[in-house]
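Enquirer: sharing a model that was predicted from the sequence below.
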Amino acid sequence: MKKTGDTRPIGVFDSGVGGLSVLRAIRQQLPKESLLYFGDQGHVPYGTRPMEEIRGFSFEITRFLLGLGAKLIVVACNTASAVALQSLRNKFTDISFVGMEPAIKPAAENTRTGVVGVLATPATFQGALYASVAERFAGNVILLQNTCPGLVQQIELGSLDGSETRAILESALRPMLDRGIDTVVLGCTHYPFVIPIIQDIVGPEVRVIDPAPAVSRQVVRLLDSAGIRAAWSEPETSIYFTSGDATRFNALLPRLFDEIGNVRKVFWDNEKIKIRNDLV
């Protein structure tokens, strides 16, 4: 069957493969949409980089995705959302953006102990978005924070259940458990890929909140409100871009997204993105 409705793709970007957790949720909600994914693995991780640098990356990636016809942009990176989302909305006024917001509100509303653990990058914790959400929704809740140094890099390497990955999470979560957390908020899109280890460490009584489903629901709402949802696509199309190692990205796709697609290598040249024609 032919594709009908608005056939333009949804653009999604992250510093690396973490945003595939969001892409996976979008695909589940919107199986008929074409998707573009940009993983800026040449600059991963964003979490320890200067804020102006992250804004520059986010602006150029947005221009790149818009140049490919994206009808909506999902900033599937907590760090980029914290640092650049408002600036993106101010600069690119003709396109809608969906960003990542730490799920502190549902955590604060449902905690029984009043103690919530938050795992995120340094830039996310330092951003105004996190401070605003914490101030609005967590006034009566104790938030315990940890940046999980090295965890993003382990996930980028595909080490989802290795001893070093577990050690990082044990170091972050055991002190939180000692202080009585009953909820863990995942404030980085990479972290849902290690939920099995997190849940094993914290036990079944502790709730682990993956923000990706809420983000995908917001994508659906915006598409429907603007009347730009695709009505049919057979088969769906996913195209991936990476500024890192395209072969490694391609190898991780079946593990992280359960879908095979075209992976294109891009590179940064004087703060501009250029594409190569070689497919992996």
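Expert: That came through fine. This is a predicted model, so every value here is computed, not measured.
Enquirer: end to end on stretch 8-16, go ahead and measure it.
Expert: 23 Å (C-alpha to C-alpha, to the nearest Å).
Enquirer: do the same with stretch 224-231
Expert: Span of stretch 224-231 from end to end, C-alpha to C-alpha: 11 Å.
Enquirer: how about low-confidence regions in the stretch 1-150 of the chain?
Expert: In the predicted model of the stretch 1-150 of the chain, residues 1-4 satisfy pLDDT under 70.
Enquirer: what segments of it are strands?
Expert: 4-5, 10-14, 35-39, 72-75, 97-98, 115-120, 142-146 (DSSP state E, counting those that start in this stretch).
Enquirer: which helices and strands does the second one pack with?
Expert: When contacts are defined as 3 or more C-beta pairs under 8 Å, 6 or more residues apart in numbering; DSSP states H and E, strand 10-14 sits against helix 20-29, strand 35-39, helix 51-67, strand 72-75. For every residue, glycine as well, the C-beta is placed using N, CA and C.
Enquirer: out of the ones you listed, the one nearest residue 103 is which?
Expert: helix 20-29 (13.0 Å; C-beta to C-beta).
Enquirer: how about the closest one: buried residues?
Expert: Under the neighbour-count criterion of 16 or more other C-beta atoms under 10 Å, helix 20-29 has 20-27, 29 buried.
Enquirer: what's the answer for stretch 193-200, then?
Expert: Those would be 193-195, 197-198, for stretch 193-200 by 16+ other C-beta under 10 Å.
Enquirer: of those, which belong to strands?
Expert: Among those, the subset assigned to strands under DSSP state E is empty.
Enquirer: what is the nearest of these to residue 42?
Expert: residue 193 (20.2 Å).
Enquirer: quick one: residues contacting that closest one.
Expert: Residue 193 makes contact with 18, 21, 155, 160, 256, according to C-beta atoms under 8 Å, 6 or more residues apart in numbering.
Enquirer: ok, 7 Å please
Expert: For residue 193, the contacting residues are 21, 155, 160, 256, by C-beta atoms under 7 Å, 6 or more residues apart in numbering.
Enquirer: what do you get for residue 191?
Expert: residue 119 are the contacts of residue 191 under C-beta under 7 Å, 6+ apart.
Enquirer: those helices in the stretch 151-280 of the chain, which residues are they?
Expert: Here the stretch 151-280 of the chain has its helices, by DSSP state H, counting those that start in this stretch, at 151-156, 163-178, 195-202, 212-226, 246-256.
Enquirer: out of the helices and strands packed on strand 10-14, nearest to residue 134?
Expert: helix 51-67 (18.3 Å).
Enquirer: in that closest one, what counts as buried?
Expert: 51, 54-55, 57-59, 61-62, 64-65.
Enquirer: ok, residues contacting it?
Expert: Contacts for helix 51-67 (C-beta under 7 Å, 6+ apart): 11, 13, 36, 38, 40, 43, 46, 73, 75, 79-80, 83-84, 87-88, 91-92, 95, 123, 271-273.
Enquirer: what is the burial count for the nearest residue to residue 54 once chain neighbours are set aside?
Expert: Of all residues not flanking residue 54 in the chain, residue 83 sits nearest, at 4.6 Å (C-beta to C-beta, 6 or more residues apart in numbering). Residues near residue 83, counting by other C-beta atoms under 10 Å, number 29.
Enquirer: and residue 206, how many residues sit next to it?
Expert: Neighbour tally, residue 206, other C-beta under 10 Å: 18.
Enquirer: and for residue 237?
Expert: 14.
Enquirer: surely it meets residue 33?
Expert: No. Look at residue 237 against residue 33 with C-beta atoms under 7 Å: they stay out of range, at 8.7 Å.
Enquirer: would you map out the domains in the chain?
Expert: What automatic domain parsing lists as the domains of the chain is 4-100+213-279, 104-210.
Enquirer: circling back: any residues in contact with both of residue 237 and residue 33?
Expert: With C-beta under 7 Å, 6+ apart as the test, residue 237 and residue 33 reach no residue in common.
Enquirer: now the residue lying closest to residue 172 once chain neighbours are set aside: how far from residue 66?
Expert: In this structure, residue 172 finds its nearest non-sequential neighbour in residue 146, 3.9 Å apart by C-beta to C-beta, 6+ apart. Separation of residue 146 from residue 66 (C-beta to C-beta, to the nearest Å): 36 Å.
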